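Q: how would this look folded up:
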Amino acid sequence: MTPMPPVPENTDPAARYEQIADELAPRGAKRSQMFGMPCLKDVNGKAFAGLHSGELVCRLGRDTPAHAEALQLPGAHLFDPADGRPMKDWVCVPPTSAAHWDNLAEAALTAKR
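A: Predicted coordinates for the structure are as follows:
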C-alpha cells in the first residue's frame with residue numbers, strides 16, 4: 001500500500017466515507033444499505049465497502065495482498081457483524097488509519113469476486 005499523508009484525527013468517519021463514495025461514483029459505485037449500515041455496491045450490485053461503527057469495511061478477498069496489508073494497519077480486524085462469525089474476506093479499518101481508506105475502497109471495488 002502506498003503511504004498516504006495523514007488525515008486529521010478529528011476527521012468525521014461518516015464525512016470521510018461520503019467523500020470516498022463521491023469519488024467512486026463515476027466508476028459505478030452506488031450508495032446502498034447492508035446489515036443496517038451504509039454501503040457501496042459495484043455496477044453488478046455487489047457490496048464492496050461500507051461504514052460500520054465508524055470504521056471503513058472493505059471486501060478485499062482473504063488471499064489478496066490488499067487484505068494482508070489492511071490487517072497490518074493498527075486496529076484493523078476482520079468484519080464480524082454477527083459477533084463470533086467473522087466475514088473472512090472483509091476487513092474493518094479504524095478512522096485512525098483513514099489515510100488508507102481511499103486505497104482500500106479502490107482495491108475493494110476492483111477486487112475479483
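Q: mind checking the longest helix of this structure?
A: Under DSSP state H, the helix in the chain containing the largest number of residues is helix 13-24.
Q: residues of it that come out buried?
A: 13, 16-17, 20-21, 24 (16 or more other Cβ atoms under 10 Å). From N, CA and C alone the C-beta is placed, and that goes for glycine too.
Q: Taking these together, which two end up most distant?
A: Checking the buried residues of helix 13-24 against each other with Cβ to Cβ, the farthest-apart pair comes out as 13 and 24, at 16.4 Å.
Q: in a helix, that's where residue 102 is, yeah?
A: Yes - counting by DSSP: H, G, I helix; E, B strand; the rest coil, residue 102 is located in a helix.
Q: who's sitting farthest from the centroid in this structure?
A: Here the chain has its C-alpha centre computed as a mean, and the residue farthest from that point, by Cα atoms, centre = their mean, is residue 84 with 20.1 Å.
Q: what about stretch 104-113, average pLDDT?
A: Computed over stretch 104-113, the mean pLDDT rounds to 91.
Q: buried stuff in it?
A: 104-109, 111.
Q: now do stretch 86-95
A: Along stretch 86-95, these residues count as buried under the neighbour rule (16+ other Cβ under 10 Å): 87, 89-95.
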